[in-house]
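Enquirer: Next one to model:
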Amino acid sequence: MRVENVVHDRRRLKLAVSLQNNGPEEVEFLYSFLEVRDQDNNLLSSFADSLPPTLPGDRQVYNGTIELFGPLPDSVRGVSIRLASYPDEKVKLQIDAIPIP
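Expert: Okay, the predicted model is just below:
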């Protein structure tokens, strides 16, 4: 998982992300288990859009977005993303300290 772009415009925070599976087996995700937290480890409400529920082992890059509900508090300076495969949590994706412009 990579963060390609961060857009913050007082009303929302939108992260353009990409996923790529370089392994031989497909990986399944439930984006309802996606965790986005601020620098103080507070959970923020978010949703994923246009990301595949099943990531095939085809090395193709899949693009989508993660968007937070509502405006961010002024105290938020950075966020972290965590997502584990479903149901076994064998694959764990995490990006820490994504700065908010």
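
Enquirer: Centroid-wise, who is the farthest residue in this protein?
Expert: P24 (22.3 Å; CA atoms, centre = their mean).

Enquirer: what about the spatially closest residue to that residue that is not a sequence neighbour, how many residues close to it?
Expert: Distances taken as CB to CB, 6 or more residues apart in numbering place G57 nearest to P24, at 4.9 Å, with adjacent residues excluded. Just so you know, the C-beta spots here come from the backbone N, C-alpha and C atoms, and that holds for glycine as well. The tally of other residues near G57 (other CB atoms under 10 Å) stands at 12.

Enquirer: Equivalent analysis for the one 10 residues further on, please.
Expert: With neighbours defined by other CB under 10 Å, the count for E67 comes to 17.

Enquirer: sorry, back to before: quick check: the residue farthest from the centre of the chain touching D58?
Expert: No - under the criterion of CB atoms under 8 Å, P24 is not in contact with D58, lying 9.9 Å apart.

Enquirer: any idea which element the residue farthest from the centre of the chain lies in?
Expert: Using DSSP states H and E, P24 sits in no helix or strand.

Enquirer: my read: the residue nearest to P24 touches E26, true?
Expert: Yes - here G57 reaches E26: they are 5.7 Å apart, a contact under CB under 8 Å.

Enquirer: Quick check: bridge partners of the closest residue to I98 other than its chain neighbours?
Expert: Leaving aside its chain neighbours, I98 sits nearest to V79 (5.1 Å; criterion: CB to CB, 6+ apart). For V79, the beta-bridge partners are D38, I98 (DSSP bridges).

Enquirer: Likewise for S85?
Expert: Going by DSSP bridges, S85 forms beta bridges with F29.

Enquirer: ok, now which ones touch D96?
Expert: S80 (CB atoms under 8 Å, 6 or more residues apart in numbering).

Enquirer: export the strand or helix carrying it as CSV, just CAs?
Expert: According to DSSP H and E, D96 maps onto strand 92-99. Provided in CSV are the C-alpha atoms of strand 92-99 (Å, rounded to 0.1, in the frame of the first residue of the first chain):
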residue,chain,number,x,y,z
LYS,A,92,-1.1,-6.5,7.5
LEU,A,93,-0.7,-3.2,5.8
GLN,A,94,0.3,-0.2,7.7
ILE,A,95,1.5,3.3,6.9
ASP,A,96,2.5,5.6,9.9
ALA,A,97,2.9,9.3,10.2
ILE,A,98,1.3,10.5,7.0
PRO,A,99,1.6,14.3,7.2
